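Enquirer: Would you be able to build a 3D model of this:
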Amino acid sequence: MNFGRRHRARHHGGRGPHHCLSQLRAGDCGRVLGVEGEPHLAIRILELGLVSGTPFRVLRTAPMGGPMELEIEGSLLSLRRSEADVVRIEM
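Expert: The predicted structure is shown next:
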């Protein structure tokens, strides 16, 4: 599935482009680079399909640090922000 590169990385306060999934906004697209963090959490995220090389699109983000909804290979996936924090991405 190819979502293209319709959206460019946003910059926040001079920190450069996004490097973790939790920082993205609705409409952003990218590709998973890997998962870091606690082994039990990393395994759970990998089991959900967020493996290296997987393209995704952010469909929605809840306000106030709530969960985010992703489209991954034709499936919809909701992640807590704390889970999305450990997913490294490229845009």
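Enquirer: contacts, neighbours, all on C-alpha from now
Expert: Noted.
Enquirer: can you tell me which residue is nearest the centre of this structure?
Expert: By CA atoms, centre = their mean, the chain has its centre lying nearest to residue 21, at 3.1 Å.
Enquirer: isn't that residue right up against residue 91?
Expert: No - checked against CA atoms under 8 Å, the pair residue 21 and residue 91 is beyond contact range at 10.0 Å.
Enquirer: show me where the chain has strands.
Expert: 29-35, 55-61, 68-72, 75-79, 87-90 (DSSP state E).
Enquirer: so which of the ones you listed comes closest to residue 43?
Expert: For residue 43, the closest of the strands of the chain is strand 29-35, at 8.6 Å, according to CA to CA.
Enquirer: now the closest one and strand 68-72, what's the angle there?
Expert: Strand 29-35 and strand 68-72 meet at an angle of 100 degrees, taking axes from the mean of the first three to the mean of the last three CA atoms, to 10 degrees as the criterion.
Enquirer: Span of stretch 45-61 from start to end?
Expert: 18 Å (CA to CA, to the nearest Å).
Enquirer: Likewise for stretch 54-71?
Expert: Start-to-end span of stretch 54-71 (CA to CA) is 11 Å.
Enquirer: Contacts for it next, please.
Expert: Stretch 54-71 is contacted from outside by 1-3, 22, 24-32, 72-73, 76-81, using CA atoms under 8 Å, 6 or more residues apart in numbering.
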